[in-house]
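> no sequence for this one, just the structure:
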């Protein structure tokens, strides 16, 4: 249960391997090791760590201190791992052991500022502060000079007075003097195991200590002004010139085969005016420890040394203490975050296809595709109670709005094109500006329709920058009374809402989009060149000279100048729906016009014949589509068809954009991985130290997690914010609006990806490292 057992043997014989196995730092191929009756071999890592941490203290040849921690913290961590939380208890115990090993005055100094002997003393203090049953020391004097070797061995021997110390060494004289039991190992096998009947003295000379009385050749020069002693231990020739001037001593060595070294307070050599004396056991007995001061005040328990708060705090502290080069490398995280934000916003921007990108008609419409729709077919649909209303063609309407507010824009106008829809569909909640129409001369236009108009430079120059600016403006369709825009709707359909009774005449008199000049400066005449016009639209503008108004189907009123060629009551060559028109009379007007006046039905029949399809507004779209499908009618959902056509047309562009953004993402992730991996390689030794002294794997994960979170917050987040701001501004420009999507879900996803992948790539090398045994980690040759 106590004493100092020395494992003695030459280098490479297996001493350290055996010690690592005993201490739980390495695995065994066969056999079992028990510590205080508990098996530590062939068990899960967590259980092994618990047993060894509560029972064993470690003193390493390479010290294995955490360089960026103070002496005090390096020792205190051992107490925290065994569950000591009381700050006063920690302070008392740590200060006591530091005092006993002669390091109390350096307690606030960082470990990387200590000499080898000082570092080993701290290592011993860390090993014994938790009052372990066993102390394992792996060649603790291997890197020390003779003076520090004796001091360290005296401390270790004192520790063995009341606990078991297992020491690995290859120095016979040290084992013979200090060990109470010596186990000799050769080529991986125990060759002897005996109780050591050592003497009471050790002949172990300190290399840097010169005992003057042991040098026989001694000469002295003593006068009133000079007192010089000469000691010659090698028989060499002394040929010096010594000059004293202005309080300084100048020495010239004329003997070229020797060198001069001045011994003062800063010298490593010590001159002692005495004879050499062997070390006695009284010297190490004087270094005893009061075990009562190390005794635990409560039950010891293997615990974590970090909680979430301390994890974050330590992470930020570590990053703040980075050297200049590492801080410069943090720019890589900033750039990676910018790339990730750009790529994610770009991917969602091109994949986020919104209705305003493709929709051209009322979302509720169905289109019956028929190259030559029959009037009878149309009328049958018109009588179907499942439909709200139907229209010939695609229902597209263009109206003209003149810019009369400014003298400079009086000759210009805007063409507003939208899908003709029933104003009866609207409710108060649909109106975002203005009001609902109250009569047939008032219309409402959807926001989407007007936003397309606003993009024209001429519209902006005329003072129309928002949809609400159009409220109160007058629009016109040839041959029809002017209409007033009284409201702006937001039903996410590019519609122009009017009274349903006007549909046929609006469609018949609305010019095709190509008839208008594109862009700023476009304008239209006051009269259309339509061949047929509903007579009710012209009754107030023409004079009935003879006959009657054409109220019946296929009847026509022509200009009186045609009376000789077109007699009243006779049919003429012009046909509608395959039927020749019958002249009912003649009109005259101020313009000597050539148009023919017919009834509204005749206008409808003519419109049906001129269109390739029929637009239906069903009461229930799904039901109507099923019904038409059962009737083998080629009918399509206008909204779905437009979306499909748009996606098909955009797919190659979307695909290339997504691939490019994906490549940017991949490059960013690889950059993050390489940066974190390069940073981690410099920390592998630190990880090995933590694992060797018994820190939980979870705590090591938390250490690096806190550091990664700090790096991400300090370096990546500024890059994310900067790029998000730029993309937000760009997305407000129409040219870029479909390339980038910047909203709360996308920003949250970006933050999640940045933190998530930083943590993933940051913890992956940690995982690969700490799954190895502590001995395997410390034995890596690619770390310092």
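Noted; the coordinates are in hand. Keep in mind the model is a prediction, meaning the values are calculated, not measured.
> what about stretch 131-141, how long is it end to end?
From its first residue to its last, stretch 131-141 covers 22 Å (CA to CA, to the nearest Å).
> Distance from that stretch to the middle of the chain?
45 Å (CA atoms, centre = their mean, to the nearest Å).
> Pull out the buried residues from it.
131, 132, 134, 135, 136, 137, 138, 139, 140, 141 (16 or more other CB atoms under 10 Å). Every residue, glycine included, has its C-beta placed from N, CA and C.
> do the same with stretch 633-644
Neighbour-count burial for stretch 633-644 flags 633, 635, 636, 637, 638, 639, 642, 643 (criterion: 16+ other CB under 10 Å).
> So which of those residues belong to helices?
Counting by DSSP state H, those place 638, 639, 642, 643 in helices.
> what's the nearest residue to the second one if we skip its chain neighbours?
Nearest non-adjacent residue to residue 639, counting by CB to CB, 6 or more residues apart in numbering: residue 363, 4.7 Å away.
> quick one: average pLDDT of stretch 297-312?
Average pLDDT, stretch 297-312: 85.
> Quick check: end-to-end length of that stretch?
By CA to CA, the extent of stretch 297-312 from end to end equals 30 Å.
> which regions of the stretch 601-750 of the chain sit below the pLDDT cut-off?
Nowhere does the stretch 601-750 of the chain drop to pLDDT under 70.
> how about the strands of it, start to end?
With DSSP state E, counting those that start in this stretch as the criterion, the stretch 601-750 of the chain has strands at 613-618, 635-637.
> Throw those into JSON lines and include distance to residue 58, thanks.
Putting the strands of the stretch 601-750 of the chain into JSON lines (distance: least, CB to CB, whole Å) gives the following:
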{"stretch": "strand 613-618", "distance to residue 58": "82"}
{"stretch": "strand 635-637", "distance to residue 58": "75"}
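> Minimum distance to residue 743: which of these has it?
Nearest to residue 743 among the strands of the stretch 601-750 of the chain is strand 635-637; the distance by CB to CB comes to 27.8 Å.
> which stretches of the stretch 401-550 of the chain form strands?
Per DSSP E, counting those that start in this stretch, the stretch 401-550 of the chain carries strands over the ranges 413-422, 431-434, 442-446, 474-475, 483-489, 495-498, 532-534, 543-547.
> before we move on, back to that, so which of the buried residues of stretch 131-141 is the closest to residue 696?
Among the buried residues of stretch 131-141, and counting by CB to CB, the member closest to residue 696 is residue 132, at 17.3 Å.
> need the contact list for that closest one.
Neighbouring residues of residue 132 by CB atoms under 8 Å, 6 or more residues apart in numbering: 54, 55, 56, 57, 163.
> Now for those: which two are most distant?
Of all pairs drawn from the contacts of residue 132, the greatest distance, 13.7 Å, lies between 54 and 163 (CB to CB).
> What's the local residue count around the residue lying closest to residue 329 once chain neighbours are set aside?
Among residues not flanking residue 329 along the chain, residue 675 sits closest, at 6.2 Å (CB to CB, 6+ apart). Using other CB atoms under 10 Å, residue 675 has 20 other residues around it.
> which residues in the stretch 251-400 of the chain form helices?
281-285, 308-320, 324-329, 331-351, 355-358, 375-382 (DSSP state H, counting those that start in this stretch).
> which of those sits most buried?
For those, ranked by mean neighbour count under the definition mean count of other CB atoms under 10 Å, the leader is helix 331-351 at a mean of 22.
> Remind me which helix or strand residue 152 belongs to.
Per DSSP states H and E, residue 152 falls inside helix 146-159.
> mind listing what's buried in that helix?
Quick answer for helix 146-159 (16+ other CB under 10 Å): 148, 149, 150, 151, 152, 153, 154, 155, 156, 157, 158, 159.
> so what's residue 66 up against?
By CB under 8 Å, 6+ apart, residue 66 lies in contact with 73, 74, 77, 111, 686, 689, 690.
> The fourth one contacts residue 67, doesn't it?
Yes. Using CB atoms under 8 Å, residue 111 and residue 67 qualify as a contacting pair, with a distance of 5.0 Å.
> follow-up on the earlier one: of the contacts of residue 132 - the most surrounded one?
Result: residue 57 is most packed of the contacts of residue 132 (other CB under 10 Å), 28 neighbours.
> How about the secondary structure of the closest residue to that residue other than its chain neighbours?
Excluding the flanking residues, the one nearest residue 57 by CB to CB, 6+ apart is residue 127, at 3.3 Å. Recorded secondary structure, residue 127: helix (DSSP: H, G, I helix; E, B strand; the rest coil).
> Let me know the pLDDT of residue 127.
What the model reports as pLDDT for residue 127 is 91.
> The closest residue to residue 298 other than its chain neighbours: how many residues sit nearby?
Residue nearest to residue 298 in three dimensions, not counting chain neighbours: residue 83, with 7.6 Å by CB to CB, 6+ apart. As a burial measure, residue 83 scores 16 neighbours (other CB under 10 Å).
> again with residue 257
The burial count for residue 257: 7, using other CB under 10 Å.
> residue contacts, it?
Residues counted as contacts of residue 257 (CB under 8 Å, 6+ apart) are residue 236.
> Quick one: closest of the helices of the stretch 251-400 of the chain to residue 760.
Here helix 331-351 is closest among the helices of the stretch 251-400 of the chain (CB to CB), at 13.0 Å.
> Could you list every helix and strand that that closest one packs against?
Where contact means 3 or more CB pairs under 8 Å, 6 or more residues apart in numbering; DSSP states H and E, helix 331-351 is packed against helix 638-681, helix 717-731, helix 744-770.
> Next, the buried residues of the last one.
By neighbour count, with 16+ other CB under 10 Å as the criterion, the buried positions of helix 744-770 are 746-747, 749-751, 753-755, 757-759, 761-763, 765-766, 769-770.
> Which neighbouring elements make contact with it?
So helix 744-770, by 3+ CB pairs under 8 Å, 6+ apart, packs with helix 331-351, helix 638-681, helix 684-692, helix 697-711, helix 717-731.
> if you set the cut-off to 6 Å instead, what comes out?
Helices and strands touching helix 744-770, by 3 or more CB pairs under 6 Å, 6 or more residues apart in numbering; DSSP states H and E, are helix 331-351, helix 638-681, helix 697-711.
> that older thread, which other helices and strands does the very next helix or strand once past the helix holding residue 152 contact?
Using DSSP H and E, the helix or strand that follows helix 146-159 in sequence is strand 164-169. On a contact count with 3+ CB pairs under 6 Å, 6+ apart, strand 164-169 meets strand 3-8, helix 15-22, strand 134-138.
> For residue 413, find the nearest of those.
Judging the helices and strands packed on strand 164-169 by CB to CB, what sits closest to residue 413 is helix 15-22, at 90.5 Å.
> Please compute how far the closest one lies from its chain's middle.
So, by CA atoms, centre = their mean, the centroid of helix 15-22 is 44 Å from its chain's centroid.
> How about stretch 59-71?
Computed by CA atoms, centre = their mean, the chain-centroid distance of stretch 59-71 equals 35 Å.
> likewise stretch 255-264?
Centre-to-centre, stretch 255-264 and its host chain are 63 Å apart (CA atoms, centre = their mean).
> go on, stretch 578-587?
76 Å.
> and what of stretch 597-610?
Centroid separation between stretch 597-610 and its chain, computed with CA atoms, centre = their mean, is 63 Å.
> List the buried residues for it?
So, applying 16+ other CB under 10 Å, buried residues of stretch 597-610: 597-609.
> by contact count, what packs against the helix holding residue 152?
helix 116-128, helix 172-178, helix 281-285.
> Which residue is the nearest non-sequential neighbour of residue 758?
Distance criterion CB to CB, 6+ apart; nearest residue to residue 758, sequence neighbours excluded, is residue 712 at 4.8 Å.
> oh, I was asking about residue 751
Counting by CB to CB, 6+ apart, the residue nearest residue 751 is residue 720, at 6.7 Å.
> who's in contact with residue 253?
Counting by CB atoms under 6 Å, 6 or more residues apart in numbering, residue 253 touches 240, 260.
> Quick check: bridge partners of it?
Per DSSP bridges, the residues bridged to residue 253 are residue 240.
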